[in-house]
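Peer 1: okay, sequence plus prediction incoming.
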Amino acid sequence: MFSSSSSSSCFLFLNGVVVSSPPETPPISVFLQNHPGAYTTTRTHSNASLILFWDRHLLRLAQSTSIIAQSKPGFFYHPQTAAAAATISSWDALIRPLVTQSLQSGLPIVCKERSEEEIVITTLVSGDSRPSSDGLDVYVHFGAYAPIGFVGRESGARLAVVGPGREIANAKFSEWVRVRKGLEKLRPPSVTELLLSNDGDRILEGSITNFFVVCSRDVNEALGDLNEPRSSFPFEVQTAPVSGGVLPGVIRQLILEVCSSLGIPLREVAPSWANRELWKEAFVTSSLRLVQHVEKVQAPSSWESLQSKTWKEVSWVEKQFEGPGPITTEIQKELTQRACAEGYPLNSFL
Ligand SMILES: *[C@@H]1O[C@H](CO)[C@@H](O)[C@H](O)[C@H]1NC(C)=O
């Protein structure tokens with residue numbers, strides 16, 4: 001996951017001022033465990049010339065902060081700060097200048113230290129713990145990411161369904177990083193990512209990804225509306241709706257837009273494990289790896305007392321896929337084009 005972001009190459013900035021440099025800066029996973037806050041992670045691409053979907057990340061960060069300010073007031077540690085936070089109407093206007101300051105201070109240094117790798121940029125917003133201040137603490141953490149290319153050169157994801165789903169799933173909140181560690185005992189060693197479900201059937205999302213399947217449609221239903229372009233396609237892409245308790249991932253949203261523009265049928269419904277015979281392809285999305293095809297999904301044969309078990313005590317049922325399928329590949333290609341078209345020029349911060 002974040003393993004490529006070793007502590008030796010990380011920098012941390014707070015409101016535009018350097019907090020720590022290599023080798024003192026912790027890797028991002030450790031930083032997130034120790035800092036409660038709303039956060040977002042993206043990275044550069046094309047030899048660190050563009051930042052992936054930067055604007056969308058900042059907007060989602062403001063959205064997550066707003067949701068947490070309302071649903072978890074204790075997050076803004078001091079009561080005075082919490083009260084002030086409740087009256088804020090545009091988090092984006094508050095957060096953006098502070099992030100920009102950190103990028104302007106940090107990126108020239110990070111770029112000088114960089115060799116061939118890309119830069120992972122994590123921005124975290126937390127309440128200011130100083131009682132007399134009404135400010136925000138906006139951290140920017142820089143790490144390194146060894147690029148593996150966008151399309152085709154990746155190995156598939158191997159997934160295991162566990163549960164339950166996240167609390168306040170619609171916000172990206174670092175507390176989840178700690179909860180996620182508790183699920184690790186259910187992860188078989190060969191599995192690269194955990195999928196979350198509340199009932200063992202309806203799959204919501206991955207622990208750090210959104211989950212999609214390409215599912216065969218009922219043939220009669222598909223033939224019903226021949227007038228729509230491509231509606232006679234005998235499949236649809238499925239992913240759980242945000243209202244069902246999943247993270248509104250930046251790449252997830254882009255997949256919805258890409259499918260719409262390519263005329264690929266998509267329905268926001270949690271993929272059902274019971275219908276896995278109909279799944280032709282599957283993929284997961286994240287801001288670091290964009291679209292990764294799925295090689296295998298496994299789920300417990302019984303959902304009973306799963307929480308008290310370890311992966312060895314669970315008996316698993318498996319579903320295999322053969323390489324990246326044609327729909328996944330088509331979506332992946334279109335997304336790569338958008339990544340370049342919507343990339344934010346890094347040199348605007350230098
Ligand atoms: C990538 O950027 C670095 C620094 O800007 C440069 O030295 C290097 O030649 C570039 N690599 C490629 C493959 O363009």
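Peer 2: Cool, got the structure.

Peer 1: from now on I want contacts and neighbour counts done on CA atoms only, so please keep to that.
Peer 2: Fine.

Peer 1: how far away from the center of its chain is stretch 59-72?
Peer 2: 16 Å (C-alpha atoms, centre = their mean, to the nearest Å).

Peer 1: tell me which residues in that stretch are buried?
Peer 2: 59-69 (16 or more other C-alpha atoms under 10 Å).

Peer 1: same check, this time on stretch 251-262
Peer 2: 251-252, 254-256, 258-259.

Peer 1: could the buried residues of stretch 59-72 go into JSON lines alongside pLDDT, secondary structure and distance to V99?
Peer 2: Below are the buried residues of stretch 59-72 laid out as JSON lines (pLDDT from 0 to 100; DSSP: H, G, I helix; E, B strand; the rest coil; distance: C-alpha to C-alpha, whole Å):
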{"residue": "L59", "pLDDT": "95", "secondary structure": "helix", "distance to V99": "12"}
{"residue": "R60", "pLDDT": "95", "secondary structure": "helix", "distance to V99": "14"}
{"residue": "L61", "pLDDT": "95", "secondary structure": "helix", "distance to V99": "11"}
{"residue": "A62", "pLDDT": "94", "secondary structure": "helix", "distance to V99": "12"}
{"residue": "Q63", "pLDDT": "93", "secondary structure": "helix", "distance to V99": "15"}
{"residue": "S64", "pLDDT": "92", "secondary structure": "helix", "distance to V99": "15"}
{"residue": "T65", "pLDDT": "89", "secondary structure": "helix", "distance to V99": "14"}
{"residue": "S66", "pLDDT": "88", "secondary structure": "helix", "distance to V99": "16"}
{"residue": "I67", "pLDDT": "88", "secondary structure": "helix", "distance to V99": "19"}
{"residue": "I68", "pLDDT": "84", "secondary structure": "helix", "distance to V99": "19"}
{"residue": "A69", "pLDDT": "81", "secondary structure": "helix", "distance to V99": "19"}
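
Peer 1: just the residues you listed now: which is nearest R178?
Peer 2: Checking the buried residues of stretch 59-72 against R178 by C-alpha to C-alpha gives I68 as the nearest, at 16.6 Å.

Peer 1: how much space separates that closest one from S20?
Peer 2: For I68, the distance to S20 equals 27 Å [C-alpha to C-alpha, to the nearest Å].

Peer 1: I appreciate the help and will end here.
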